[in-house]
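return a 3D structure for these sequence lines:
(one chain, ligands or ions: 1)
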Amino acid sequence: MELAKRLAAAAEYVPAGSVAADIGTDHAYLPIYLVEAGICRRVIATELRPGPFRSALRKVDEHKLNHKVDLRLGDGLKAINPSESDVIVLAGMGGNTIREILSASPEVLSTVKMLILQPMADPGDLRSWLAANGWRIYDERLVEENGKIYVIIAAVPGCEEVKDSVLLELGPRLAEKKDPLFGRYLEIIKSQYERALAGMRSSNSAAAREKALETENKLAGIRRIAGCQ
Ligand SMILES: C[S@@+](CC[C@H](N)C(=O)[O-])C[C@H]1O[C@@H](n2cnc3c(N)ncnc32)[C@H](O)[C@@H]1O
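Numbers count the residues shown, from 1 in each chain. Have a look, this model is predicted:
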């Protein structure tokens, strides 16, 4: 099974011999890869929607892996029990969707040793949630695929010391280790904020003015970090 680069990068964090749970598996590419590569002895894969669930079933059948990939139709972590998996992967969803899925099942999370997250948007909100809920950002990585840059976050139970809140927006481990794509990633985030700010400034509402002020502060922080790279 050949994986997309962002999923291959997520797979690299999965500890050998672990039982992983892939939440929102879609075609079950990641679980099939993890068992075929001998990284996991078993993978639980969950899917919310019946259509993708059926495609996952077909793929797992094709690869004759029904005894190793345990497919479940259900909402987020509600489809798994505490202590069933060591590692949870949530990839290809928005950061706030990931956050909501994690928040909804504290009893499952309390038995998990690692979270591997690949948010498609709002990674800052997700990192803030991790830091506020007893997760330390163990490592982060950027990968480029088809002209887009994706972030992968690996978190373990612990305390994330927040020295600068802007770093939660940008990725504290990405900044520390000077990820090779970090400079370009910063430019992309900076332009997103600049565009959003221009929209806010064109509105006269008090709420937009307040949001614009908050965004200007964030932008100043991003420019400061970019200047240090
Ligand atoms: C864009 S796909 C990503 C698939 C795969 N994880 C990847 O990264 O390529 C997101 C999948 O998550 C599923 N999904 C969304 N919310 C979910 C939830 N609460 N529980 C389980 N699956 C969910 C969607 O149905 C969809 O198949």
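
same for the lengthiest helix in the chain, what does it pack against?
The longest helix of the chain (DSSP state H) is helix 206-228. Under the contact definition 3 or more C-beta pairs under 8 Å, 6 or more residues apart in numbering; DSSP states H and E, helix 206-228 sits against helix 165-170, helix 182-201. Just so you know, the C-beta spots here come from the backbone N, C-alpha and C atoms, and that holds for glycine as well.

quick one: closest of the ones you listed to the ligand.
Nearest of the helices and strands packed on helix 206-228 to the ligand, taken as C-beta to the nearest ligand atom: helix 182-201 at 19.0 Å.

secondary structure class for the most far-flung residue of the chain relative to its centre?
Relative to the centre of the chain, the most outlying C-alpha is that of Asn204, 35.1 Å out, by C-alpha atoms, centre = their mean. With DSSP: H, G, I helix; E, B strand; the rest coil as the basis, Asn204 sits in coil.

for it, give its distance to Ile101.
Applying C-beta to C-beta, to the nearest Å, the value for Asn204 to Ile101 is 37 Å.

now the helices and strands packed on helix 206-228 in TSV, with distance to the ligand, mean pLDDT and mean neighbour count?
Listed next are those as TSV, based on distance: least, C-beta to the nearest ligand atom, whole Å; pLDDT from 0 to 100; neighbours: other C-beta atoms under 10 Å:
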stretch	distance to the ligand	mean pLDDT	mean neighbour count
helix 165-170	22	92	20
helix 182-201	19	91	15
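
can you lay out those as JSON lines showing distance to Ile80?
Output for the helices and strands packed on helix 206-228, formatted as JSON lines (distance: least, C-beta to C-beta, whole Å):
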{"stretch": "helix 165-170", "distance to Ile80": "28"}
{"stretch": "helix 182-201", "distance to Ile80": "32"}
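
Gln208 - how many residues pack around it?
No, residue 208 isn't Gln; it's Ala. 15 (other C-beta atoms under 10 Å).

nearest residue to it other than its sequence neighbours?
Met200 (4.8 Å; C-beta to C-beta, 6 or more residues apart in numbering).

contacting residues around that neighbour?
208-209, 211-212, 215 (C-beta atoms under 8 Å, 6 or more residues apart in numbering).
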